[in-house]
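**Q** Give me the fold of what follows.
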Amino acid sequence: MSDDLLPHPDHFDLVVIGGGPAGEKGAAQAAYFGKRVCLIDKAPRPGGAAVNTGTIPSKTLRETALYFSGLRQRGLYGVDYTVKSDITISDFMFRERAVVEAEWERINQNLDRHDIAKVQGLARFLGPNAVEVRSYRQPVRRITGELFLVVTGSAPLRPETYPFDDQVVVDSDSVLRLEKIPTRMIVVGGGVIGTEYACIFGALGCKVTLVNTRPRLLQQLDPDASEALETGMTRRLGVSVMDNTDVARVVVTDDVADVTLSSGTTLQADCVLVTVGRRGNTDELDLPSAGVTVNTRGYIDTDPFYRTSTSNIYAAGDVIGFPALASVSMEQARVAICHAFDLQYKRAVSRYVPYCVWTIPEVAMVGETEDSLRGDSTDYEVGKASFKVNARGEIIGELEGFIKLLFEPGTQRILGATVVGEGASELIHVVSCAMHFGATLDLFIQSVFNYPTLGESFKYAAYDGLQRLQKRVATMPGLRMSAAMRPTPSMGIRAE
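**A** Numbers count the residues shown, from 1 in each chain. Next up, the predicted model:
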């Protein structure tokens, strides 16, 4: 809807600042319930970091890398893994650009369908009910609103110890603008972004060294998943992983980086990708003028309903910090809007958030890990099924993957799950939905799974868990198996 069609063009029920996933979904949620909504975004195209520099580009580039490298064939049918010798950066980026442009169109259509007014420019608070918007060669515009939703996202941290030039020393935004694929790359940081890009460039034949300050990659994952990931990266992609190591100094000379590690070892690379964290995009908003508080990383403080220190201003998504997932950001924004307008619709984000890392191999989890359960002194049991003994796994050559379930021994209630391998990001939703409704292992035992599929591994992971329970009872004199622990004839524990 154009502004001149509105009765009061510059005053709205809701003003959304930021056009990423949280901004789009929050604005649409309010508009769906009949609110007059304006969305302000400083970028000329919608989608935020998720579409333009983060989620969509990196995942599309991963698929491109798998295609060009031949890795997805896994040596099947006599086709060996080789990197195509004539690949160019244009080849590498073409699919990414096509997908991003398609997302731009989808988002604009969604905003138009909900009659959301769109304003392009940089917003700055003038008080709790007003912002000014500055845009190139346009007069400054004042927009007021009853409620505000700040969803401006985050940006890569750029520590002063690294000589960023966006050519040799880059962050996760500028790496997408490289003119050519480097021959040697050093990735600093063993988190999500670091491991994903290490896999992407490793798949394309780049000699990658990943420097990780922690004892293992992605410590938030189940230990088995971290181990499988590191093994897969080194064995299949040739990535060198250096755990418990830090970077002491980086010096760039003639387009070559000399990287000195904390151990004293010096490495050389054509590109150094620094992925050591992010910070909230709040510096330009002048939030103190609206009474909104932020922490030292620029993240906005909110209550459980995503309300800031100013009661009519809400915030959601990466700009409030952890978990900084696009999927969660959308839900946070919806919950914020429902609370702000007292809509009896969506009142909380689910406790069971699926978490995925699009590495090679793909890794996903939901709920607890063995580390978290041990830390809470919670008794648990494990059920595990390998894709190596799964017909679909044999067909596609996915032999290193697995499904791992964690559950309460007494009730068999599912506490968490980890999936490693092809389709992990899709498979994990089965468990997140099951956990949301308090399901037990019996859900998988009683369900029918298509054959041959990777999904049927859930059933055999459940069988494995029940077998472990039986062994636990057999080796602990005096411990009786409760009714919930005791398998029924229909469970077919030893059936294959």
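**Q** Please confirm that residue 50 is located within a helix.
**A** Yes: assignment of residue 50 by DSSP: H, G, I helix; E, B strand; the rest coil places it within a helix.
**Q** and it, what is it in contact with?
**A** 20, 21, 56, 153, 326, 329 (CB atoms under 8 Å, 6 or more residues apart in numbering). No exception for glycine: its C-beta is placed from N, CA and C like everyone else's.
**Q** which other helices and strands contact the helix or strand hosting residue 198?
**A** For residue 198, the host element (DSSP states H and E) is helix 192-203. The contact analysis (3 or more CB pairs under 8 Å, 6 or more residues apart in numbering; DSSP states H and E) places helix 192-203 against helix 55-69, strand 184-188, strand 207-211, helix 223-237, strand 355-357.
**Q** Which positions within the first one qualify as buried?
**A** Taking 16 or more other CB atoms under 10 Å as the neighbour-count basis, helix 55-69 is seen to contain the buried residues 55-62, 64-66, 68-69.
**Q** who does that helix touch, helix- and strand-wise?
**A** Counting by 3+ CB pairs under 8 Å, 6+ apart, helix 55-69 packs on helix 48-52, helix 89-113, helix 192-203.
**Q** what about the helix holding residue 198, average pLDDT?
**A** Mean pLDDT, computed over helix 192-203, is 95.
**Q** begin at 39 from here
**A** Shifting the count to begin at 39 puts that one at helix 230-241.
**Q** can you state the direction angle for that helix and helix 261-275?
**A** Here the directions of helix 230-241 and helix 261-275 differ by 30 degrees (axes from the mean of the first three to the mean of the last three CA atoms, to 10 degrees).
**Q** List the contacts of helix 230-241.
**A** In contact with helix 230-241 (CB under 8 Å, 6+ apart) are residues 96, 99-100, 103-104, 106-107, 109, 121, 210, 213, 219-220, 223, 225-226, 246, 248, 250, 255-256, 267, 271, 275-277, 311, 313, 395-398.
**Q** Please list only the buried members of those.
**A** Buried among the contacts of helix 230-241 (16+ other CB under 10 Å): 96, 99-100, 103-104, 106-107, 109, 210, 213, 219-220, 223, 225-226, 246, 248, 250, 255-256, 267, 271, 275, 277, 311, 313, 395-398.
**Q** Next, the contact list for residue 78, please.
**A** 53, 54, 55, 56, 157, 158, 159, 161, 169, 171, 181.
**Q** Dihedrals phi and psi, the fourth one?
**A** It stands for residue 56. phi 120, psi 130 (degrees, to the nearest 10).
**Q** I figured it hits residue 355, correct?
**A** Yes: counting by CB atoms under 8 Å, residue 56 does reach residue 355; the two are 7.4 Å apart.
**Q** Spit out the residues that contact those two alike.
**A** Residues touching both residue 56 and residue 355 (CB under 8 Å, 6+ apart): 189, 191.
**Q** Who does residue 289 form a beta bridge with?
**A** Beta bridges link residue 289 to residue 296 when assigned by DSSP bridges.
**Q** Let me see the confidence value for it.
**A** In this prediction, residue 289 carries a pLDDT score of 97.
**Q** Surely it and residue 199 touch.
**A** No: counting by CB under 8 Å, residue 289 stays clear of residue 199, with 11.4 Å between them.
**Q** of all the contacts of residue 78, which comes closest to residue 132?
**A** Proximity of the contacts of residue 78 to residue 132 was ranked by CB to CB; the top entry is residue 158 with 26.8 Å.
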